[in-house]
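Undergrad: Return a 3D structure for these sequence lines:
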Amino acid sequence: MRMPGRTLRILAAVTLAATGGCIRAAKEGLGVAIGAKGSYRLVPGSAELGTEGLANYTNFELRSLTDATEGLAPRELWGYLPSEFQKELDSKKLPRQARGKTLLARGKVIYYEDSSMAGNIFGPLEEVVARVEFVDKATGRVLAEALCVGRTGETVNRGIQKKAEGLAKAIVRWIHDHYPPRE
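TA: Predicted coordinates:
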């Protein structure tokens, strides 16, 4: 049986749309379980500490980040960050002894993007980028500097709080990656 060209094109379009919908549905389902994503990259020229670099630190604090986006980042972001940072510290089981040696994370948000209508066609992409310094609180010495990115790519993870969650994950991931393994 020979199919006319138009019927074949319609069938191909429907198949492609159905397959794309299944992939997006799976991605959305995974997004519910995983939440926002966080990653970092060391700023070129920043010291690499290795896994023993933070061995003496028993407390980690987040100083309020400043806004270098000319007002693009909403104020609510700064309200969500401290609690998301604490949640991430807890999830990584990093020490939190208030009287111990403290590592301070400080910096500025340099990029903020909400999903646009065009971005929603292929799936939303929202992100916040911060340039973060990791500082010995007692001496003020900068140990390292990294670009930390909080990103969401699923509709279920859209919004300011989720971007704050992703940024907190990135900052805490840097700490965790440079903290000696615990037994």
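Undergrad: Phe134 falls within a helix, correct?
TA: No - if the criterion is DSSP: H, G, I helix; E, B strand; the rest coil, then Phe134 is strand and not within a helix.
Undergrad: so which helix or strand takes in Glu165?
TA: For Glu165, the element it lies in under DSSP states H and E is helix 160-177.
Undergrad: buried stuff in that helix?
TA: Buried residues in helix 160-177, counting neighbours by 16 or more other C-beta atoms under 10 Å, are found at 160-176. Where C-beta positions appear, they are placed from N, C-alpha and C, glycine not excepted.
Undergrad: can you check stretch 137-153 too?
TA: 137, 143-153.
Undergrad: can you redo the residues you listed as a markdown table with secondary structure?
TA: Formatted as a markdown table, those follow (three-state DSSP):
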| residue | secondary structure |
| --- | --- |
| Lys137 | coil |
| Leu143 | strand |
| Ala144 | strand |
| Glu145 | strand |
| Ala146 | strand |
| Leu147 | strand |
| Cys148 | strand |
| Val149 | strand |
| Gly150 | strand |
| Arg151 | strand |
| Thr152 | strand |
| Gly153 | coil |
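Undergrad: now for these, which pair is the farthest apart?
TA: Lys137 and Gly153 (34.4 Å; C-beta to C-beta).
Undergrad: mind showing which ranges of the protein have poor pLDDT?
TA: Applying pLDDT under 70 to the chain flags the ranges 1-35, 48, 50-52, 116-124, 154-157, 182-183.
Undergrad: Show me the strands in it, by range?
TA: Under the criterion DSSP state E, strands of the chain are mapped to 37-42, 59-62, 66-67, 102-113, 126-136, 142-152.
Undergrad: Domain boundaries for this structure, per the record?
TA: Annotated domains of the chain cover 1-34, 35-177 [automatic domain parsing].
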